[in-house]
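Novice: model the following, please.
(one chain, ligands or ions: 1)
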Amino acid sequence: LQTLEEQFPALKTTESPTQRVGTSPVSHFDEVEHLQPMLSLDNAFSDDEVQEFDRRVRERLNRKDAVTYACEPKLDGAAISLLYRDGKLERAATRGDGRTGEDITANVRTIASIPLKLQGDDVPAVLEVRGEIFMSRAGFEQMNDEARSRGDKLFVNPRNAAAGSLRQLDSRITATRPLALYAYSTGYSEGWALPDTHTGVLAALKKWGFPVNPLVRVASSLEDCYTYYADIAEARDNLDYDIDGIVYKVDDLILQDRLGYVSRAPRWAIARKFPAQEMSTRLLAVEFQVGRTGAVTPVAKLDPVFVGGVTVSNATLHNKDEIDRLGVHVGDTVIVRRAGDVIPQIVKVVTENRPDDSVEVVFPEHCPVCGSPVERVGTEAVMRCSGGLVCAAQRKEAIKHFASRKAMDIEGLGDKLVEQLVDQGLIRSVVDLYALDRDEVIGLERMAEKSADNLL
Ligand code: I6G
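Specialist: Residues are numbered from 1 along each chain as shown. Coordinates of the predicted model:
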């Protein structure tokens, strides 16, 4: 087909299968501006908080009677904005900071369920479609099975696999990944008669060929909203995709308009999150890590435990005050919580299970790396090593920061190599990077001549 299209370019169509197989790799993704910003949602963690949301909605609308809500599962994937002009997919962008995202059109074109051309005659002249790209659990398992049999690195969970697949610079790789979309709203649009309701918008999206979650329902009372939450929470484990909550939206678009926004979140929608997932495990040790600015952070080393879809072996203990609050001992049974993509944390110590040989965790008075006093600066919660650039840990972190992608972007100078260079005394500060000696670099453990030359 590709050969034929090269011979007869007039026969090549937007929706040709040749447009789905990926193209040659790119070096980076361009930044693009969304025509209408992508919003974020406020969260609710209990029925009471949903009730409070509904109260605020009715108060603003001056209504005594119930407001109708559209209820949808909140997928744990990657948000996307698809731009169609005259019914043809022109651009696909990540959410980014909400105003600008990355242009990942080549990758998104490879996702079979995303229309390259809208169905029907009555398509808008311009249409931004918002939705969530995700990987089904079955697709994820199969992909990891294949990776395992090749001896490749495995993905941690479907969400990371979906996000990683979308960020491939080579869209031919994305084309091999089992990605899917559920569309959940529109952004900017021109040239169509907007329906009266959000569920009407979803029906239009469906008609144009977008997959829309079949579990969307209309709730005509707060009670119905609670029932929907309970039903989905029960069905959650049997779904073929990960969700982290429910989204409630005022269904009537005129009411949505009247309610408006606060900063970047709509007043007419809320995400009712499922409770964070918690598991108990044993605290094996606590490591005190020293950061670039000297902040000393306690990191709990745990007996690995499977929480919320990933194996957790490290958790944050935040700071000295948190250690004091928990009164934690090495050897204790602890409750680890993992919510969304944040660093897992220890929320509780099961003191009843404390073994006789447990050892109290004491925050160090001296830096574990350079021995300088650890101090609290003013009323800060963090404790800091006072060694400044005398401290090898602070120097290492400063050099890593300098070399990182958003700073000097020094290719080939990863964290491990910075550690080696500092530990071997080949560099003390960023200045020394520019006077590195080739023979000394090649002399480092596991350093290939070619990598050394690339770095230099
Ligand atoms: O992040 C989201 C997930 C699902 C959403 C969303 C959604 O609807 C089902 N809807 C909106 C309006 C926004 N984020 C901003």
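Novice: contacts and neighbour counts: CA atoms only from here.
Specialist: Noted.
Novice: can you tell me the SS state at residue 435?
Specialist: Using DSSP: H, G, I helix; E, B strand; the rest coil, the structure places residue 435 in coil.
Novice: and the gap between it and the ligand?
Specialist: Note on residue 435: its distance to the ligand, by C-alpha to the nearest ligand atom, to the nearest Å, is 48 Å.
Novice: could we number from 37 for the rest of this?
Specialist: New numbering, starting at 37: the last item is residue 471.
Novice: which ones are touching that residue?
Specialist: Applying C-alpha atoms under 8 Å, 6 or more residues apart in numbering to residue 471 gives no contacts.
Novice: confirm residue 464 sits in a strand?
Specialist: No: secondary structure of residue 464 (three-state DSSP): coil, not part of a strand.
Novice: skip the chain neighbours and tell me the closest residue to it.
Specialist: Distance criterion C-alpha to C-alpha, 6 or more residues apart in numbering; nearest residue to residue 464, sequence neighbours excluded, is residue 458 at 6.1 Å.
Novice: mind listing what the one you found touches?
Specialist: 428, 432, 464 are the contacts of residue 458 under C-alpha under 8 Å, 6+ apart.
Novice: ok, now how distant is the first one from residue 458?
Specialist: What it means is residue 428. According to C-alpha to C-alpha, to the nearest Å, residue 428 and residue 458 sit 7 Å apart.
Novice: before we move on, what about residue 160?
Specialist: As defined by C-alpha to C-alpha, residue 160 lies at a distance of 59 Å from residue 458.
Novice: and residue 133, by the same measure?
Specialist: Counting by C-alpha to C-alpha, the separation of residue 133 from residue 458 is 35 Å.
Novice: using the three-state scheme, assign residue 271.
Specialist: helix.
Novice: how about it, what does it touch?
Specialist: Residue 271 neighbours (C-alpha under 8 Å, 6+ apart): none.
Novice: and it, what's its pLDDT?
Specialist: For residue 271, the pLDDT comes out at 91.
Novice: and if you look at the one 3 residues further on?
Specialist: Note on residue 274: pLDDT of 89.
Novice: closest to the ligand out of the contacts of residue 458?
Specialist: If you rank these by distance to the ligand using C-alpha to the nearest ligand atom, residue 432 comes first, at 37.3 Å.
Novice: looks to me like that closest one is in a helix.
Specialist: Yes: read with three-state DSSP, residue 432 is one of the residues of a helix.
Novice: what's the distance between it and residue 466?
Specialist: 9 Å.
Novice: again, but for residue 388
Specialist: Look at residue 388 and residue 466: by C-alpha to C-alpha, they are 50 Å apart.
Novice: which one of these two is surrounded by more residues?
Specialist: The residue with more neighbours, out of residue 388 and residue 466, is residue 466; 16 against 8, by other C-alpha atoms under 10 Å.
Novice: can you pull the contacts of the more buried one?
Specialist: By C-alpha under 8 Å, 6+ apart, the residues touching residue 466 are 435, 438.
Novice: all helices of the stretch 87-236 of the chain, in order?
Specialist: Assigned by DSSP state H, counting those that start in this stretch, the stretch 87-236 of the chain shows helices spanning 141-144, 173-186, 194-202, 207-210, 234-243.
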